[in-house]
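> Fold the following.
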Amino acid sequence: MKIIFFYPSLKIGGAQLLFIRCARELSYLKKFEIVYIDYIEGFAKNILKNFNVDIIIYSKEIKTYLPDNSIIILPLLFIDQINLLFEFNSNNVKFLFWSIQPESFTHKITWHNKITLLPWTKTKIKISLKKLHTNGNLKFMDYNNYYPLHQKLNLNLSKIEYLPVPIDDSEIISPNEISTKKDFNTLSFLWLSRLDYDKTNTLISIMNELEIISYKYQVTLYICGTGNNEISVRKIANNYEYNIDFIGLKYGNKLNNFIDNNVDIGIAMGTSILEIAKRGKPVIVQGILKNIHKAKELNNYILLHESNGYSLASPDNVTSEMGSFISKVNQIVNNYDESAKDSYNYVINNHLLSYTVKKLKRSIDYVLKQNNCNDIIFDIEYILNNNLSKIIQRTYNNTIRLCKAYNKQID
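The predicted structure is shown next:
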(Lines give C-alpha, C1' and ligand atoms only; values in the text may rest on other atoms or scores of the structure.)
Protein backbone atom coordinates (compact mmCIF):
# COMPACT_ATOMS: atom_id res chain seq x y z
CA MET A 1 0.00 0.00 0.00
CA LYS A 2 1.31 3.42 -1.02
CA ILE A 3 0.69 6.49 1.14
CA ILE A 4 0.91 9.60 -1.05
CA PHE A 5 1.22 13.13 0.33
CA PHE A 6 0.18 15.99 -1.96
CA TYR A 7 1.36 19.48 -1.11
CA PRO A 8 3.55 20.80 -3.94
CA SER A 9 5.19 24.08 -2.93
CA LEU A 10 8.31 26.11 -3.56
CA LYS A 11 7.97 27.85 -0.18
CA ILE A 12 8.49 26.91 3.44
CA GLY A 13 5.51 27.29 5.74
CA GLY A 14 3.49 25.54 8.41
CA ALA A 15 1.45 23.44 5.99
CA GLN A 16 4.55 22.29 4.13
CA LEU A 17 6.27 21.30 7.38
CA LEU A 18 3.15 19.45 8.50
CA PHE A 19 3.07 17.21 5.43
CA ILE A 20 6.85 16.75 5.32
CA ARG A 21 7.07 15.65 8.94
CA CYS A 22 4.20 13.20 8.64
CA ALA A 23 5.66 11.68 5.46
CA ARG A 24 9.07 11.33 7.07
CA GLU A 25 7.74 9.66 10.23
CA LEU A 26 5.55 7.21 8.32
CA SER A 27 8.55 6.31 6.15
CA TYR A 28 10.15 4.71 9.21
CA LEU A 29 7.37 2.10 9.25
CA LYS A 30 7.84 -0.89 6.97
CA LYS A 31 4.10 -1.32 6.56
CA PHE A 32 3.72 1.45 3.95
CA GLU A 33 5.53 2.79 0.91
CA ILE A 34 5.62 6.58 1.26
CA VAL A 35 5.39 8.92 -1.73
CA TYR A 36 5.43 12.73 -1.87
CA ILE A 37 4.21 14.85 -4.81
CA ASP A 38 6.21 18.06 -5.24
CA TYR A 39 7.70 20.41 -7.81
CA ILE A 40 11.07 19.48 -9.25
CA GLU A 41 12.54 22.37 -7.21
CA GLY A 42 10.09 21.99 -4.33
CA PHE A 43 10.93 22.53 -0.68
CA ALA A 44 9.66 19.09 0.41
CA LYS A 45 11.57 17.31 -2.35
CA ASN A 46 14.81 18.80 -1.11
CA ILE A 47 14.13 17.94 2.55
CA LEU A 48 12.92 14.37 1.95
CA LYS A 49 15.63 13.30 -0.48
CA ASN A 50 17.63 11.76 2.38
CA PHE A 51 14.70 9.69 3.66
CA ASN A 52 12.91 6.59 2.42
CA VAL A 53 10.33 8.63 0.52
CA ASP A 54 9.73 8.39 -3.22
CA ILE A 55 9.08 11.64 -5.07
CA ILE A 56 6.58 12.16 -7.87
CA ILE A 57 7.31 15.35 -9.78
CA TYR A 58 4.34 17.69 -10.04
CA SER A 59 3.62 19.94 -13.01
CA LYS A 60 0.73 22.33 -13.49
CA GLU A 61 0.68 21.50 -17.20
CA ILE A 62 -0.17 17.80 -16.91
CA LYS A 63 -2.19 15.57 -14.62
CA THR A 64 -0.33 13.54 -12.02
CA TYR A 65 -0.82 9.78 -12.22
CA LEU A 66 -1.78 8.16 -8.93
CA PRO A 67 -0.65 4.53 -8.75
CA ASP A 68 -3.08 1.74 -7.85
CA ASN A 69 -3.44 0.51 -4.27
CA SER A 70 -2.70 3.91 -2.78
CA ILE A 71 -4.25 6.42 -0.44
CA ILE A 72 -3.54 10.08 -1.09
CA ILE A 73 -3.47 12.61 1.75
CA LEU A 74 -4.13 16.18 0.62
CA PRO A 75 -5.60 19.45 1.90
CA LEU A 76 -9.38 19.89 1.73
CA LEU A 77 -8.62 22.89 -0.46
CA PHE A 78 -8.25 20.59 -3.49
CA ILE A 79 -11.45 18.59 -3.07
CA ASP A 80 -13.13 20.06 -6.14
CA GLN A 81 -10.04 19.72 -8.36
CA ILE A 82 -9.42 15.96 -8.19
CA ASN A 83 -10.10 15.24 -11.86
CA LEU A 84 -8.14 18.32 -12.92
CA LEU A 85 -5.06 17.32 -10.93
CA PHE A 86 -4.92 13.54 -11.16
CA GLU A 87 -5.28 10.47 -13.33
CA PHE A 88 -6.30 7.42 -11.30
CA ASN A 89 -8.33 4.25 -11.07
CA SER A 90 -11.20 5.17 -8.76
CA ASN A 91 -11.49 1.57 -7.53
CA ASN A 92 -7.90 1.40 -6.31
CA VAL A 93 -7.17 4.91 -5.01
CA LYS A 94 -8.52 6.26 -1.72
CA PHE A 95 -8.57 9.85 -0.49
CA LEU A 96 -8.02 11.42 2.91
CA PHE A 97 -8.81 15.14 2.90
CA TRP A 98 -7.21 17.10 5.73
CA SER A 99 -8.70 20.50 6.51
CA ILE A 100 -5.66 22.53 7.53
CA GLN A 101 -6.83 26.06 6.59
CA PRO A 102 -10.13 27.29 8.12
CA GLU A 103 -11.59 28.89 4.96
CA SER A 104 -10.16 26.34 2.51
CA PHE A 105 -13.62 25.06 1.56
CA THR A 106 -16.07 27.82 2.45
CA HIS A 107 -14.27 30.46 0.38
CA LYS A 108 -15.29 28.48 -2.71
CA ILE A 109 -19.01 28.93 -2.03
CA THR A 110 -19.15 32.47 -0.60
CA TRP A 111 -19.17 35.99 -1.97
CA HIS A 112 -18.44 38.88 0.39
CA ASN A 113 -18.48 36.25 3.14
CA LYS A 114 -22.05 35.20 2.30
CA ILE A 115 -23.18 31.81 1.02
CA THR A 116 -24.15 31.87 -2.67
CA LEU A 117 -25.95 28.52 -2.69
CA LEU A 118 -29.56 27.58 -3.22
CA PRO A 119 -31.03 25.58 -0.30
CA TRP A 120 -31.08 22.26 -2.17
CA THR A 121 -27.48 22.76 -3.30
CA LYS A 122 -26.41 23.54 0.25
CA THR A 123 -28.09 20.32 1.40
CA LYS A 124 -26.27 18.24 -1.22
CA ILE A 125 -22.92 19.62 -0.08
CA LYS A 126 -23.74 18.90 3.55
CA ILE A 127 -24.68 15.31 2.72
CA SER A 128 -21.45 14.82 0.76
CA LEU A 129 -19.27 16.23 3.53
CA LYS A 130 -21.04 14.14 6.16
CA LYS A 131 -20.45 10.99 4.12
CA LEU A 132 -16.79 11.85 3.71
CA HIS A 133 -16.47 12.42 7.45
CA THR A 134 -18.39 9.29 8.43
CA ASN A 135 -16.22 7.12 6.22
CA GLY A 136 -13.00 8.69 7.48
CA ASN A 137 -12.14 10.54 4.28
CA LEU A 138 -12.42 13.99 5.90
CA LYS A 139 -10.34 15.07 8.89
CA PHE A 140 -10.00 18.44 10.61
CA MET A 141 -6.79 19.82 12.02
CA ASP A 142 -8.67 21.64 14.79
CA TYR A 143 -11.97 23.18 15.80
CA ASN A 144 -11.22 26.38 13.87
CA ASN A 145 -11.18 24.30 10.68
CA TYR A 146 -14.52 22.69 11.44
CA TYR A 147 -16.28 25.85 12.61
CA PRO A 148 -16.60 27.67 9.21
CA LEU A 149 -18.39 24.63 7.75
CA HIS A 150 -20.62 24.43 10.79
CA GLN A 151 -21.33 28.16 10.66
CA LYS A 152 -21.93 28.66 6.94
CA LEU A 153 -23.39 25.28 5.98
CA ASN A 154 -25.00 24.39 9.30
CA LEU A 155 -22.91 21.23 9.19
CA ASN A 156 -23.21 19.39 12.50
CA LEU A 157 -20.73 16.57 12.97
CA SER A 158 -20.46 14.42 16.06
CA LYS A 159 -17.43 12.58 17.42
CA ILE A 160 -14.86 14.65 15.54
CA GLU A 161 -11.44 13.06 15.93
CA TYR A 162 -8.98 15.81 15.10
CA LEU A 163 -5.64 15.35 13.40
CA PRO A 164 -3.70 18.16 15.12
CA VAL A 165 -0.69 19.86 13.62
CA PRO A 166 2.54 18.46 15.16
CA ILE A 167 6.14 19.48 15.79
CA ASP A 168 9.26 17.32 15.96
CA ASP A 169 9.58 15.58 19.32
CA SER A 170 13.37 15.73 19.06
CA GLU A 171 13.44 19.55 18.97
CA ILE A 172 11.63 20.05 22.27
CA ILE A 173 13.81 21.28 25.11
CA SER A 174 13.84 19.46 28.44
CA PRO A 175 11.60 20.85 31.23
CA ASN A 176 14.57 22.19 33.20
CA GLU A 177 15.53 24.39 30.21
CA ILE A 178 12.22 26.27 30.16
CA SER A 179 12.81 29.99 29.99
CA THR A 180 12.92 32.29 33.02
CA LYS A 181 13.11 36.07 33.01
CA LYS A 182 13.89 38.56 35.76
CA ASP A 183 14.52 41.86 33.95
CA PHE A 184 11.37 43.26 32.35
CA ASN A 185 12.74 46.62 31.28
CA THR A 186 13.21 45.09 27.84
CA LEU A 187 10.86 42.74 25.98
CA SER A 188 11.71 40.97 22.74
CA PHE A 189 8.91 39.54 20.58
CA LEU A 190 9.11 37.11 17.68
CA TRP A 191 6.74 37.02 14.71
CA LEU A 192 7.29 33.70 12.94
CA SER A 193 5.38 33.26 9.67
CA ARG A 194 5.36 33.88 5.95
CA LEU A 195 5.18 37.52 4.85
CA ASP A 196 2.41 36.88 2.33
CA TYR A 197 -0.89 38.65 1.79
CA ASP A 198 -2.92 36.31 4.04
CA LYS A 199 -0.72 36.99 7.08
CA THR A 200 0.16 40.67 6.57
CA ASN A 201 -2.96 42.17 8.19
CA THR A 202 -2.30 40.21 11.37
CA LEU A 203 1.36 41.21 11.48
CA ILE A 204 0.66 44.92 10.98
CA SER A 205 -2.12 44.82 13.60
CA ILE A 206 0.37 43.35 16.07
CA MET A 207 2.96 45.95 15.11
CA ASN A 208 0.34 48.56 16.04
CA GLU A 209 -0.19 46.87 19.41
CA LEU A 210 3.54 46.84 20.11
CA GLU A 211 3.74 50.59 19.54
CA ILE A 212 1.63 51.03 22.69
CA ILE A 213 3.67 48.41 24.58
CA SER A 214 6.86 50.29 23.68
CA TYR A 215 5.74 53.26 25.82
CA LYS A 216 6.34 51.10 28.89
CA TYR A 217 9.06 48.66 27.79
CA GLN A 218 12.05 48.78 25.51
CA VAL A 219 10.61 46.65 22.72
CA THR A 220 12.22 44.71 19.90
CA LEU A 221 10.18 42.84 17.32
CA TYR A 222 11.98 40.15 15.34
CA ILE A 223 10.24 39.23 12.10
CA CYS A 224 11.25 35.77 10.89
CA GLY A 225 10.06 34.81 7.43
CA THR A 226 9.96 35.89 3.82
CA GLY A 227 7.19 36.32 1.27
CA ASN A 228 5.57 38.36 -1.46
CA ASN A 229 4.68 41.22 0.89
CA GLU A 230 8.08 41.61 2.52
CA ILE A 231 8.98 44.85 0.73
CA SER A 232 5.71 46.55 1.68
CA VAL A 233 5.98 45.34 5.30
CA ARG A 234 9.53 46.73 5.51
CA LYS A 235 8.27 50.13 4.36
CA ILE A 236 5.48 50.10 6.93
CA ALA A 237 7.95 49.12 9.65
CA ASN A 238 9.74 52.45 9.22
CA ASN A 239 6.72 54.22 10.75
CA TYR A 240 7.19 52.75 14.23
CA GLU A 241 9.29 54.10 17.09
CA TYR A 242 10.49 50.75 18.49
CA ASN A 243 13.10 48.44 16.97
CA ILE A 244 11.91 46.06 14.24
CA ASP A 245 14.48 43.58 12.98
CA PHE A 246 13.87 41.46 9.86
CA ILE A 247 15.96 38.33 10.36
CA GLY A 248 15.03 36.49 7.18
CA LEU A 249 14.31 32.78 6.97
CA LYS A 250 15.41 30.50 9.81
CA TYR A 251 14.70 26.80 10.12
CA GLY A 252 15.74 23.85 12.29
CA ASN A 253 18.59 24.39 14.74
CA LYS A 254 19.20 27.96 13.56
CA LEU A 255 15.63 28.86 14.47
CA ASN A 256 15.79 26.98 17.78
CA ASN A 257 19.02 28.71 18.79
CA PHE A 258 17.66 32.12 17.86
CA ILE A 259 14.51 31.59 19.93
CA ASP A 260 16.54 30.31 22.89
CA ASN A 261 18.93 33.26 22.91
CA ASN A 262 16.89 36.23 21.72
CA VAL A 263 13.15 35.83 22.30
CA ASP A 264 11.01 36.56 25.35
CA ILE A 265 7.49 36.23 23.88
CA GLY A 266 6.21 34.69 20.67
CA ILE A 267 3.34 36.02 18.56
CA ALA A 268 2.05 33.63 15.94
CA MET A 269 -0.61 31.37 14.49
CA GLY A 270 -0.59 27.81 13.21
CA THR A 271 2.54 25.66 13.37
CA SER A 272 4.68 28.71 14.15
CA ILE A 273 3.12 28.85 17.64
CA LEU A 274 4.44 25.38 18.41
CA GLU A 275 7.91 26.17 17.09
CA ILE A 276 8.21 28.91 19.72
CA ALA A 277 6.41 27.19 22.61
CA LYS A 278 8.46 23.99 22.28
CA ARG A 279 11.52 26.07 23.28
CA GLY A 280 9.85 27.07 26.54
CA LYS A 281 8.67 30.55 25.54
CA PRO A 282 5.18 31.95 26.23
CA VAL A 283 3.12 32.63 23.10
CA ILE A 284 0.32 35.09 22.35
CA VAL A 285 -2.10 33.69 19.76
CA GLN A 286 -3.97 35.50 17.01
CA GLY A 287 -5.46 34.30 13.72
CA ILE A 288 -5.68 35.52 10.14
CA LEU A 289 -7.28 38.96 10.12
CA LYS A 290 -9.21 40.25 7.13
CA ASN A 291 -8.40 43.87 7.99
CA ILE A 292 -5.66 45.84 9.74
CA HIS A 293 -6.66 46.84 13.28
CA LYS A 294 -5.49 49.71 15.44
CA ALA A 295 -3.93 49.10 18.86
CA LYS A 296 -6.46 48.14 21.57
CA GLU A 297 -9.14 47.49 18.94
CA LEU A 298 -9.16 43.69 19.29
CA ASN A 299 -10.04 41.75 22.42
CA ASN A 300 -9.70 38.19 21.15
CA TYR A 301 -6.05 37.45 21.93
CA ILE A 302 -5.30 34.35 24.00
CA LEU A 303 -2.24 32.55 25.31
CA LEU A 304 -1.48 29.17 23.75
CA HIS A 305 -2.56 27.08 26.74
CA GLU A 306 -5.96 28.84 26.71
CA SER A 307 -6.92 27.38 23.32
CA ASN A 308 -9.27 24.42 22.83
CA GLY A 309 -10.00 21.84 20.15
CA TYR A 310 -6.31 21.85 19.11
CA SER A 311 -6.84 25.29 17.55
CA LEU A 312 -3.75 27.40 16.87
CA ALA A 313 -5.50 30.70 16.26
CA SER A 314 -7.80 32.96 18.23
CA PRO A 315 -11.11 31.17 18.98
CA ASP A 316 -14.12 31.63 16.71
CA ASN A 317 -16.43 31.74 19.71
CA VAL A 318 -16.08 34.27 22.52
CA THR A 319 -14.34 32.75 25.56
CA SER A 320 -13.58 34.06 29.03
CA GLU A 321 -9.83 33.77 28.35
CA MET A 322 -9.88 36.31 25.51
CA GLY A 323 -8.41 39.73 26.11
CA SER A 324 -6.56 42.66 24.63
CA PHE A 325 -2.97 42.35 23.48
CA ILE A 326 -1.82 44.53 26.37
CA SER A 327 -3.66 42.35 28.90
CA LYS A 328 -1.94 39.24 27.54
CA VAL A 329 1.48 40.86 27.72
CA ASN A 330 0.75 41.89 31.32
CA GLN A 331 -0.46 38.37 32.09
CA ILE A 332 2.89 37.00 30.90
CA VAL A 333 5.03 39.65 32.61
CA ASN A 334 3.22 39.19 35.93
CA ASN A 335 3.95 35.45 35.92
CA TYR A 336 6.50 34.82 33.20
CA ASP A 337 7.87 31.48 34.39
CA GLU A 338 4.39 29.97 34.76
CA SER A 339 3.27 31.27 31.35
CA ALA A 340 6.34 29.73 29.70
CA LYS A 341 5.64 26.36 31.36
CA ASP A 342 1.96 26.49 30.36
CA SER A 343 2.81 26.99 26.66
CA TYR A 344 5.46 24.28 26.80
CA ASN A 345 3.18 21.74 28.52
CA TYR A 346 0.38 22.41 26.06
CA VAL A 347 2.68 21.34 23.21
CA ILE A 348 3.82 18.25 25.10
CA ASN A 349 0.25 17.12 25.77
CA ASN A 350 -1.33 17.89 22.39
CA HIS A 351 1.06 18.43 19.51
CA LEU A 352 3.91 15.94 19.51
CA LEU A 353 4.67 14.43 16.11
CA SER A 354 4.46 10.92 17.56
CA TYR A 355 0.93 11.72 18.79
CA THR A 356 -0.32 13.06 15.45
CA VAL A 357 1.29 10.31 13.36
CA LYS A 358 -0.32 7.67 15.57
CA LYS A 359 -3.71 9.28 14.93
CA LEU A 360 -2.92 9.63 11.21
CA LYS A 361 -2.02 5.96 10.92
CA ARG A 362 -5.27 5.04 12.66
CA SER A 363 -7.14 7.29 10.21
CA ILE A 364 -5.46 5.63 7.23
CA ASP A 365 -6.40 2.17 8.51
CA TYR A 366 -9.99 3.32 9.04
CA VAL A 367 -10.29 4.72 5.51
CA LEU A 368 -8.98 1.49 4.00
CA LYS A 369 -11.37 -0.59 6.10
CA GLN A 370 -14.47 1.56 5.60
CA ASN A 371 -14.05 2.21 1.88
CA ASN A 372 -13.60 -1.50 1.21
CA CYS A 373 -16.65 -2.68 3.17
CA ASN A 374 -19.33 -4.16 0.90
CA ASP A 375 -22.14 -3.23 3.30
CA ILE A 376 -21.37 0.50 3.12
CA ILE A 377 -22.85 2.38 0.17
CA PHE A 378 -20.08 4.82 -0.56
CA ASP A 379 -18.95 6.02 -3.95
CA ILE A 380 -16.05 8.44 -3.67
CA GLU A 381 -16.13 9.19 -7.38
CA TYR A 382 -19.80 10.17 -7.25
CA ILE A 383 -19.30 12.44 -4.25
CA LEU A 384 -16.26 14.16 -5.73
CA ASN A 385 -17.31 14.44 -9.36
CA ASN A 386 -21.10 14.60 -9.46
CA ASN A 387 -21.71 16.48 -6.24
CA LEU A 388 -18.91 18.63 -4.89
CA SER A 389 -16.87 19.37 -8.00
CA LYS A 390 -19.82 20.32 -10.18
CA ILE A 391 -21.62 22.25 -7.45
CA ILE A 392 -18.53 24.23 -6.46
CA GLN A 393 -17.66 25.02 -10.07
CA ARG A 394 -21.21 26.18 -10.76
CA THR A 395 -21.15 28.29 -7.60
CA TYR A 396 -17.82 29.80 -8.64
CA ASN A 397 -19.20 30.73 -12.08
CA ASN A 398 -22.26 32.32 -10.49
CA THR A 399 -20.03 34.25 -8.10
CA ILE A 400 -17.95 35.58 -11.01
CA ARG A 401 -21.14 36.81 -12.66
CA LEU A 402 -22.18 38.51 -9.41
CA CYS A 403 -18.81 40.22 -9.19
CA LYS A 404 -19.02 41.46 -12.78
CA ALA A 405 -22.57 42.74 -12.25
CA TYR A 406 -21.54 44.46 -9.00
CA ASN A 407 -18.50 46.12 -10.57
CA LYS A 408 -20.55 47.25 -13.55
CA GLN A 409 -23.09 48.79 -11.22
CA ILE A 410 -20.36 50.71 -9.42
CA ASP A 411 -18.89 51.96 -12.70
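> mind listing the helices in the stretch 301-411 of the chain by residue range?
For the stretch 301-411 of the chain, the helices defined by DSSP state H, counting those that start in this stretch cover 325-334, 336-350, 353-371, 380-381, 390-410.
> what angle sits between the second one and helix 353-371?
Going back to what we said before, that points to helix 336-350. Interaxial angle, helix 336-350 versus helix 353-371 (axes from the mean of the first three to the mean of the last three CA atoms, to 10 degrees): 30 degrees.
> pLDDT of helix 336-350, averaged?
If you average the pLDDT over helix 336-350, you get 95.
> Can you name the residues in contact with that helix?
164, 167, 172-173, 175, 178-181, 184, 264, 274, 276-278, 280-283, 303-305, 307, 310, 331-332 (CB atoms under 8 Å, 6 or more residues apart in numbering). C-beta here means a position set from N, CA and C on the backbone, and glycine is covered the same way.
> Buried ones only from those residues, please, as a ChimeraX command.
In ChimeraX syntax, the buried subset of those is picked out as below (16 or more other CB atoms under 10 Å):
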select :164,167,172,173,178,179,181,264,274,276,277,278,280,281,282,283,303,304,305,307,310,331,332
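> how about the helices of the stretch 301-411 of the chain, which one is nearest residue 198?
Of all the helices of the stretch 301-411 of the chain, helix 390-410 sits nearest to residue 198, with 19.3 Å by CB to CB.
> Can you report how many residues neighbour the residue nearest to residue 101 when sequence neighbours are not counted?
In space, residue 101 comes closest to residue 77 once its chain neighbours are excluded; the distance is 6.4 Å by CB to CB, 6 or more residues apart in numbering. A count of neighbours around residue 77, defined by other CB atoms under 10 Å, yields 19.
> check contacts around residue 77.
Per CB under 8 Å, 6+ apart, neighbours of residue 77: 101, 104, 105.
> okay, now residue 355: neighbour count?
By other CB under 10 Å, 15 other residues sit near residue 355.
> Isn't it up against residue 166?
Yes. Counting by CB atoms under 8 Å, residue 355 does reach residue 166; the two are 6.7 Å apart.
> Residue 287 - how many residues pack around it?
Using other CB under 10 Å, residue 287 is surrounded by 17 other residues.
> which non-adjacent residue is nearest it?
Leaving aside its chain neighbours, residue 287 sits nearest to residue 313 (3.2 Å; criterion: CB to CB, 6+ apart).
> So what would you say the end-to-end distance of stretch 5-13 is?
Start-to-end span of stretch 5-13 (CA to CA, to the nearest Å) is 16 Å.
> Go through it and flag the buried ones.
Within stretch 5-13, the residues scored as buried using 16+ other CB under 10 Å are 5, 6, 7, 8, 9, 12, 13.
> Got phi/psi on the first one?
Taking degrees, to the nearest 10, you get phi -100, psi 130 for the backbone angles of residue 5.
> pLDDT wise, what is it at?
98.
> Equivalent analysis for the last one, please.
Among the per-residue scores, residue 13 shows a pLDDT of 79.
> show me the contacts for it.
Counted by CB under 8 Å, 6+ apart, residue 13 has contacts 193, 194, 271.
> shouldn't the first one be in contact with residue 269?
In other words, residue 193. Yes. Here residue 193 lies in contact with residue 269, judged by CB under 8 Å, at a distance of 6.8 Å.
> Between those two, tell me which one has more neighbours.
Higher neighbour count among residue 193 and residue 269: residue 193, with 25 against 22, using other CB under 10 Å.
> What distance do you get for the more buried one to residue 23?
Residue 193 is 22 Å from residue 23, where distance means CB to CB, to the nearest Å.
> that older thread, return the subset of the contacts of helix 336-350 lying in strands.
With DSSP state E as the criterion, strands contain 283, 303 from among the contacts of helix 336-350.
> Could you name the helices and strands sitting against the strand or helix carrying residue 150?
Counting by DSSP states H and E, the element that carries residue 150 is helix 143-153. Under the contact definition 3 or more CB pairs under 8 Å, 6 or more residues apart in numbering; DSSP states H and E, helix 143-153 sits against helix 119-134.
> what helices or strands is the helix it packs on leaning on?
The contact analysis (3+ CB pairs under 8 Å, 6+ apart) places helix 119-134 against helix 143-153, helix 390-410.
> How many neighbouring residues does the residue lying closest to residue 181 once chain neighbours are set aside have?
In space, and not counting its chain neighbours, residue 181 is closest to residue 336: 4.7 Å by CB to CB, 6+ apart. Residue 336 has 19 neighbouring residues, counting by other CB under 10 Å.
> Distance of residue 336 relative to residue 117?
The gap separating residue 336 from residue 117 is 49 Å, by CB to CB.
> what's the answer for residue 157, then?
Distance of residue 157 to residue 117, given as CB to CB: 19 Å.
> One more: residue 252?
Distance, residue 252 to residue 117, by CB to CB: 44 Å.
> Specify which residue of the two has the higher count of neighbours.
More crowded of residue 252 and residue 117, by other CB under 10 Å: residue 117, with 20 against 10.
> Next one, pLDDT for the more buried one please.
On the pLDDT scale, residue 117 gets 75.
> Would you enumerate the residues in contact with residue 37?
Neighbour list for residue 37: 4, 5, 6, 7, 8, 55, 56, 57, 58, 64 [criterion: CB under 8 Å, 6+ apart].
> In contact with the second one, which residues?
What it means is residue 5. Residue 5 neighbours (CB under 8 Å, 6+ apart): 19, 22, 23, 34, 35, 36, 37, 44, 72, 73, 74.
> Mind doing that once more with 7 Å?
Counting by CB atoms under 7 Å, 6 or more residues apart in numbering, residue 5 touches 19, 22, 23, 36, 37, 73.
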